[in-house]
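heads up, no residue letters with this:
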């Protein structure tokens, strides 16, 4: 029986980039902070900029997805949703 492939978590990959390859991720952190600063100051739970959705929990960016990714719950693409017609 073939063994399943070894999985490297996102956390492990980030640490590899920092510690093994010696990449400085502080400029990346600063760029993300600049992109979401206005939304954080207004208490937003997310910011859409540059085609990406930055999901916030308080003052922390917890994930970044494509703004055109379908909603996991509804399957709808947010950018293509329409407001219901009013009667």
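Received it, and whenever you're ready, just let me know what you need. Quick caveat: nothing in here was measured; it's all calculated off a predicted structure.

could you tell me how many residues sit around residue 44?
The local packing of residue 44 (other Cβ atoms under 10 Å) involves 14 other residues. Where you see a C-beta, it was placed from the backbone N, CA and C, and this is true even at glycine.

low-confidence stretches in the protein?
71, 75-87 (pLDDT under 70).

what residue is smack in the middle of it?
residue 64 (0.7 Å; Cα atoms, centre = their mean).

in contact with that residue, which residues?
Listed by Cβ atoms under 8 Å, 6 or more residues apart in numbering, the contact partners of residue 64 are 32, 52, 53, 54, 55.

hmm, the second one is touching residue 66, no?
By that I understand residue 52. Yes: with contact defined as Cβ atoms under 8 Å, residue 52 counts as touching residue 66 (6.2 Å).

quick one on the thing from earlier: describe which strands the strand or helix carrying the residue nearest to the centre of the chain pairs with in its sheet and in which direction.
Using DSSP states H and E, residue 64 maps to strand 60-66. According to DSSP bridges, strand 60-66 forms sheet pairs with strand 52-57 (antiparallel).
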